[in-house]
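*Asks:* I would like to see how this sequence folds:
(2 chains)
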Amino acid sequence: MALVFAFFFILPLVLVVIVSFWDYNEYEMIPAFSGRGYTDTFEGCVAQLPELCTILKTYAKTVKLCVITWALTLVIGFTVAYFLAFHVKSRVWQMALSLVCTVPFLTSNVIRMIAWIPLLGRNGLVNQGLQAAGVTRAPVEWLLFSEFSVVLALVHLFSFFMIVPIFNSMMRIDRALIEAAYDAGASGFQTLRHVIVPLCKPGIVIGSIFVITIVMGDFITVGVMGGQQIASAGKIIEVRLNALQFPAAAANAVILLAVTLMIIAGLQRLVDIRKEL
Amino acid sequence: MSGARGLSFYLLAGFFALYVAFLYGPMIGIYILSFQGPDGGLTFPMNGFSFVWFRKLFAGGGIVDIGAALRRSLALGAVVMLLTVVISVSAGLAFRKRFRGAGLLFYVAIASLIVPSIITSLGIGLEFRLIDDLVKLHGPGWLSEQHTTWMGLFTSGLGSHLTWTLPFGLLIMFAIFNRFNPSYEEAARDLGATPWQTLRHVVLPIILPSVIGIGLFGFTLSWDEIARSSQAIGEVNTLPLELQGLTTTVTKPDIYALGTVVSGISFAVIIASLVGIRLVQGRRR
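*Replies:* Residues are numbered from 1 along each chain as shown, chains lettered A, B, ... in the order given. As a prediction, the model looks like this:
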């Protein structure tokens, strides 16, 4: 196992960092030290101040998508996990319903993305419904290939990563604590706010780490659901790669990695992952 | 938490039902649409019912060779599944005792899970490119003359999938052994079983359902994997990569038919695993 990770994970990461400092021309990379990968990326950033340059705008947009998706998956994940953990009494039903939530996660992401097309497209069900109800006369264009559809698909695909850790945390809460809160006169909401949420914090943090890192590095969902029109941090890397500019791609990868690690480091201070399994 | 089901139960149950509809609704939609009649388009309503798009899919002549991609994906998935099970179980057993570097290895595994896929993929791609360059320049003559690339389905592609499936396997093993009662093992030892016999006849049967679960994760994660494969797979593509490529070009329901086939295989594997787990558990009683 150590070997697999060394050869297919650690070494590649080290190489990404090294190559990010190499020089390159139109068709190949040149093993000589150069900061071009980075300077090209931030081209015009200083000159355009105070306006944001392309790369910063792209990161701002990625972070925005990330925050919206995170907030939505958190609310959905917490509610679903709460229902499963506290309101479904029978063990068998609990298993069955968690399985219902797990199965889509094991099927193809691309298929789950294209599945939205017949619903959201110009002639899709939603537009047909809206027009039939007389809400709009012309089809609504922003439903598909927009930021809206990207966020919708991201929530659709990745809320599972939020449900599982939160559910796991909730199942470990001693039911006697909740009884005690009620006996002490707490209302349902007070119990939720002061007992359940603090005890679920590890699950919430772990789920957040998953969702945030996935969304930060995503380029497929953004590509497919954004109609290849919306830029994101992962998408920049893909574009650079398609242009065979490996050092530039690597430089972007290093930047993305640094941003992601900073977010995780912030969250990691809150819990120790290993204790929570 | 009183016994009676209050308003909140029904509200939450309603929310849950909506969520499940949100999860499954669109998918079911395209399964239905893949049976469009020959004149049907990409959206509802249905224009008749036919298998025309499935036939078209397997007749070939389309933009990509679906059959070959399907076989490649199946083969890769099977290998990934096998390796994931073997490596995760051995690692899981190893982690029960403390060993040098255990903490480090654990954090590397977690890191492998959360470092954005495209970066891992890019790194593996670069790694193999550089190895290829090295071989061409400095390798022995018999090798360097005809060497093209070592990047491929079962080298870089396999490696990239393992960086994704192994952390899941390891986490599942941790979850099992945190709930594992060591007194069974002690009993076996007291009865004179060798360590190997203890493993073979006591530990493995107990964890078998979860091991099937790891296999299920290994296969399905590999079967649907795109981001990590994208830069590391070499010349050929796996099925999900072909499918992703098709999303921008295809305007006919054959893409739904392909989606239905791919999901069908996923579901078949999931159901097979669940049946397997049930059988194993049933035998125990």
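
*Asks:* what about the nearest residue to B:Phe168 once chain neighbours are set aside, how many neighbours?
*Replies:* Excluding the flanking residues, the one nearest B:Phe168 by Cβ to Cβ, 6 or more residues apart in numbering or on different chains is B:Phe217, at 5.0 Å. C-beta here means a position set from N, CA and C on the backbone, and glycine is covered the same way. Per other Cβ atoms under 10 Å in any protein chain shown, the neighbour tally for B:Phe217 reads 24.

*Asks:* From B:Gly169, how far out is B:Phe217?
*Replies:* Using Cβ to Cβ, to the nearest Å, B:Phe217 is found at 7 Å from B:Gly169.

*Asks:* With A:Leu157 instead?
*Replies:* Distance, A:Leu157 to B:Gly169, by Cβ to Cβ: 21 Å.

*Asks:* Looking at the two, which is more packed in?
*Replies:* Using other Cβ under 10 Å as the criterion, A:Leu157 and B:Gly169 rank with B:Gly169 on top: 29 against 23.

*Asks:* So which helix or strand of chain B has the lowest pLDDT on average?
*Replies:* helix B:141-144 (a mean of 58; mean pLDDT, DSSP states H and E).

*Asks:* And the strands in chain A?
*Replies:* A:22-24, A:29-33 (DSSP state E).

*Asks:* what about the spatially most central residue of chain B, helix or strand, and which?
*Replies:* Centroid-nearest residue in chain B: B:Leu221, 1.7 Å away (criterion: Cα atoms, centre = their mean). For B:Leu221, the element it lies in under DSSP states H and E is helix B:204-223.

*Asks:* which parts of that helix are buried?
*Replies:* Buried residues in helix B:204-223, counted by 16 or more other Cβ atoms under 10 Å in any protein chain shown: B:207-223.

*Asks:* so where's chain B shaky on pLDDT?
*Replies:* Applying pLDDT under 70 to chain B flags the ranges B:1-6, B:36-54, B:56-67, B:138-154, B:227, B:230-237, B:246-253, B:283-285.

*Asks:* By residue count, what's the longest helix in chain B?
*Replies:* In chain B, taking DSSP state H as the definition, the longest helix is helix B:254-284.

*Asks:* does any part of that helix sit near chain A?
*Replies:* Yes. Using Cβ under 8 Å from any Cβ of the partner chain, helix B:254-284 comes into contact with chain A via B:255-256, B:259, B:262-263, B:266-267, B:270, B:274.

*Asks:* now for that helix, which elements pack on it?
*Replies:* Applying 3 or more Cβ pairs under 8 Å, 6 or more residues apart in numbering or on different chains; DSSP states H and E, we find helix B:254-284 packed against helix A:109-114, helix B:7-33, helix B:52-59, helix B:66-94, helix B:204-223, helix B:239-247.

*Asks:* Is B:Arg96 in a helix, a strand, or coil?
*Replies:* coil (DSSP: H, G, I helix; E, B strand; the rest coil).

*Asks:* That one touches B:Phe177, doesn't it?
*Replies:* Yes. When contacts are counted by Cβ atoms under 8 Å, B:Arg96 is listed as touching B:Phe177 (5.6 Å).

*Asks:* Between these two, which is the more surrounded one?
*Replies:* When B:Arg96 and B:Phe177 are compared for neighbours, B:Phe177 comes out ahead with 17 against 14, by other Cβ under 10 Å.

*Asks:* Tell me how many other residues crowd B:Arg201.
*Replies:* Rather than Arg, residue B:201 is His. Per other Cβ under 10 Å, the neighbour tally for B:His201 reads 11.

*Asks:* I figured it was touching B:Ala188, is that so?
*Replies:* Yes. If you go by Cβ under 8 Å, B:His201 and B:Ala188 touch, sitting 7.3 Å apart.

*Asks:* which secondary structure elements does the longest helix belonging to chain A contact?
*Replies:* Longest helix in chain A, counting residues (DSSP H): helix A:54-82. In terms of contacts (3+ Cβ pairs under 8 Å, 6+ apart), helix A:54-82 is packed against helix A:147-172, helix A:197-217, helix A:233-242, helix B:7-33.

*Asks:* which regions of chain A lie under the pLDDT threshold?
*Replies:* Along chain A, the model assigns pLDDT under 70 to residues A:1-13, A:15-54, A:122-124, A:134-144, A:227-231, A:233-234, A:241-245, A:268-277.

*Asks:* re earlier: could you dump the helices and strands packed on helix B:254-284 into TSV and include distance to A:Ala60?
*Replies:* As requested, the helices and strands packed on helix B:254-284 are exported to TSV (distance: least, Cβ to Cβ, whole Å):
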stretch	distance to A:Ala60
helix A:109-114	24
helix B:7-33	28
helix B:52-59	42
helix B:66-94	37
helix B:204-223	32
helix B:239-247	26
